[in-house]
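>>> next comes the sequence, and after it the predicted model I'd like to discuss.
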Number of protein chains: 2
Amino acid sequence: MWDKRGDMVVYGTEPYNAEPPPGALAGQFLTRLDTFYARNHGPIQQIDAAGWRLRVDGLVDRTLELSLEELRRRFPERKVVATLQCAGNRRADLQEFHVIPGEVPWGPGTTSTASWSGVSLADVLAEAGLQVRAAHIAFASTDVSQEADPPQPYGGSIPVAKATSSEVLLAWAMNGQALPAAHGAPLRVVVPGWIGARSVKWLQRVTAQAEPSDNYFQTAYSVLPPEADPHKFGPGDGIILGPVALNCAILRPDKDARLPAGATEVTGYAFAGDDRTVARVDVSPDGGSTWIQAGLDAPESPWTWQHWRATFTLPAGERELIARAWDSTSAVQPESPATVWNPKGYANNSWARVHVTCHP
Amino acid sequence: MWDKRGDMVVYGTEPYNAEPPPGALAGQFLTRLDTFYARNHGPIQQIDAAGWRLRVDGLVDRTLELSLEELRRRFPERKVVATLQCAGNRRADLQEFHVIPGEVPWGPGTTSTASWSGVSLADVLAEAGLQVRAAHIAFASTDVSQEADPPQPYGGSIPVAKATSSEVLLAWAMNGQALPAAHGAPLRVVVPGWIGARSVKWLQRVTAQAEPSDNYFQTAYSVLPPEADPHKFGPGDGIILGPVALNCAILRPDKDARLPAGATEVTGYAFAGDDRTVARVDVSPDGGSTWIQAGLDAPESPWTWQHWRATFTLPAGERELIARAWDSTSAVQPESPATVWNPKGYANNSWARVHVTCHP
């Protein structure tokens, strides 16, 4: 389905929501298109690129209407390698701690990395001429979501300071191939270091405005306090998500794997989000009693994940493997799902834990 | 001593190291000069402002030699309200967990806020003309530290991207008064959102260079892995500290206070460091079994602490009060000193805990 690999974990087909099994991400810096996670709130759009236009409006000096051809001709092509991560990544571990009804039980597979090509949003905004009152840049798509209250096309916004940073792209290609329909063709936003929800697909309109987007999903992507009602919330009720929080995952071995006792390689990714990098990853083979530092890939840029690996000699029996990451400011992940649990199940960045059984 | 209040907790007089008692910071957005913490590695310098010159050199088009009068005349005056926090803040809580020899047992009082006046470092660097190879801006003082190996004047550096941000000042006044000798007169650096160690006092020289400072203290301020030798380290051995990690402290009641049972107000500060703000503070009256959200002051800017407060009805008996902060990206502090303990005792941002006894 949608040219994805056969072993994708598919949570729904309309809207289409799927993540690869964790092992499929292991050791791969760039994620293949057939493996890249898909997170949707509405139907995948099939857009005729020839008739498509991007509208740039709001608090700008010049409203623009741009075809794909005009975007290519009028602005320099930019390439950025960036990891996207769904705010619901690792929600399943929160759901094990306490129920979260009606939300997809994502594992650690809604984190993927591609080389994106397109134009810099900053260049397009400069051409339109941002007015001084423009504080937020809103993105609108066409995919009407029945999950929204009321039903509406998907949208969201980011502050002007981020929108005018050179790494934010309007992208038409990933990994050197034309953007597939499932990933937002003909044009999508890519906001490196921020939750995937702000990288709006099937982009139709970019609006400069004084306030954040009033789209349902702008506020829905919030960490609400534990006692809040996940079906009734407003902009002031929670922490509206933007930059990704420091996180990591164990990709191998699999959760609940049965392994032979002996030398075992544990591998995974870590991702600092925002403009930070991962400085260190600790791994424990025994539920946190002892820790070693994993071998950690150097950051390619602040916008990408870093893979890590550690080898242990595991005795026979049950074990809990744990990983925790430190960022370039020396911040470390919180220990427990109990601390970070929230009613909509976003931003689970507690220590990664995988239970395994080693047989003699 | 050095015009500080009588109840400062003084850990040494040469070099002079002192913090106010936590209660002296409670409820005060700006910290009085007599209350502001003092952290030194060498003798406080008494500099004749008339003969003093600032040298700006290295990878610049024009080497500058500037008197205080020239700084005032040639550049616009800027004012920034900023919190400074020592990287050793709350080290005492790490030392309770595991010994850290030879380091000052700071409480939560090495965090203070002032309104700083001076010129923007960015303006001075623009006048000198930064060359493209300039990646770091180094600061040098005159206070020779015997703690350094080998003994040397205090120094350090920050990356060009931070150094050219408008909030970084070369300051000659705090809270509208001339900078006292104890705080770096005639001119000091103020790097908002970064550990205090980068805000070099008694500034003599600003050097644009391709590499970070090779000053002893640039690398000494690192979070080393737990097994590292705190007396032998190099730039690659730890996480060299820059932006402050998300933190909070309980300022009232005092540690080990004896209180009457009944209504008790708990107050403190939280500080997100870097360019983040504090979005939420949770407080527990019972060692973490239950939590409420504290009343939290709105951020004045990303560069300042935010005070918070919560009221509980405490029964008679022993209690552990806990506070933990969340930043604007939904990152939360780690739970335990065991996680963040490091050989030099820096960046303790585990949950704040205060033990109290309530009598009937």
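Cool, got the structure.

>>> so what's the residue count around A:Ser289?
9 (other Cβ atoms under 10 Å in any protein chain shown). For glycine as for every other residue, the C-beta is placed from the backbone atoms N, C-alpha and C.

>>> kindly state the beta-bridge partners for the closest residue to A:Gly242 other than its chain neighbours.
Distance criterion Cβ to Cβ, 6 or more residues apart in numbering or on different chains; nearest residue to A:Gly242, sequence neighbours excluded, is A:Trp194 at 5.5 Å. For A:Trp194, the beta-bridge partners under DSSP bridges are A:Pro243.

>>> tally of neighbours for A:Trp194?
Residues lying near A:Trp194 (other Cβ under 10 Å) number 26.

>>> do the same with A:Arg72
A:Arg72, neighbours per other Cβ under 10 Å, totals 14.

>>> ditto for the one 10 residues further on
Neighbours of A:Ala82 under the rule other Cβ under 10 Å: 26.

>>> so the residue lying closest to it once chain neighbours are set aside versus A:Ala294, what's the distance?
The shortest distance from A:Ala82 to any residue other than its chain neighbours is 3.8 Å, reached at A:Pro192 (Cβ to Cβ, 6+ apart). As judged by Cβ to Cβ, to the nearest Å, A:Pro192 and A:Ala294 stand 24 Å apart.

>>> the residue nearest to A:Ala82 against A:Arg276, yeah?
No: the pair A:Pro192 / A:Arg276 is not scored as a contact, 11.9 Å apart, by Cβ atoms under 8 Å.

>>> need the contact list for the residue nearest to A:Gly242.
Residues near A:Trp194 by Cβ atoms under 8 Å, 6 or more residues apart in numbering or on different chains: A:158, A:162, A:242-244, A:273-274.

>>> farthest-separated two in those?
Farthest pair in the contacts of A:Trp194 (Cβ to Cβ) is A:Ile158 and A:Gly273. Separation: 13.7 Å.

>>> what's around the residue nearest to A:Arg91 when sequence neighbours are not counted, how many residues?
Among residues not flanking A:Arg91 along the chain, A:Gly345 sits closest, at 4.1 Å (Cβ to Cβ, 6+ apart). A:Gly345: 27 surrounding residues under other Cβ under 10 Å.

>>> what's the answer for the one 5 residues further on, then?
Per other Cβ under 10 Å, the neighbour tally for A:Ser350 reads 24.

>>> now do the buried residues in stretch A:248-268.
Within stretch A:248-268, the residues that count as buried by 16 or more other Cβ atoms under 10 Å in any protein chain shown are A:248-253, A:264, A:266-268.

>>> before we move on, what about stretch A:232-243?
A:233, A:238-243.

>>> give the contact list for A:Leu203.
A:Leu203 neighbours (Cβ under 8 Å, 6+ apart): A:54, A:139-141, A:170, A:184, A:187-189.

>>> same question for A:Glu103.
A:88, A:91, A:95, A:344-345.

>>> reformat the residues you listed as CSV; add distance to A:Glu19.
CSV is the format used below for the contacts of A:Glu103 (distance: Cβ to Cβ, whole Å):
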residue, distance to A:Glu19
A:Gly88, 10
A:Arg91, 11
A:Gln95, 15
A:Lys344, 18
A:Gly345, 15
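
>>> widest-spaced pair of those?
A:Gln95 and A:Lys344 (11.4 Å).

>>> what number of residues lie near the nearest residue to A:Leu66 once chain neighbours are set aside?
Leaving aside its chain neighbours, A:Leu66 sits nearest to A:Leu54 (4.7 Å; criterion: Cβ to Cβ, 6+ apart). Residues lying near A:Leu54 (other Cβ under 10 Å) number 19.

>>> quick one: A:Leu54 and A:Arg72 touch, right?
No: judged on Cβ under 8 Å, A:Leu54 makes no contact with A:Arg72 at a distance of 11.8 Å.

>>> what about A:Gln131, how many neighbours?
Using other Cβ under 10 Å, A:Gln131 has 12 neighbouring residues.
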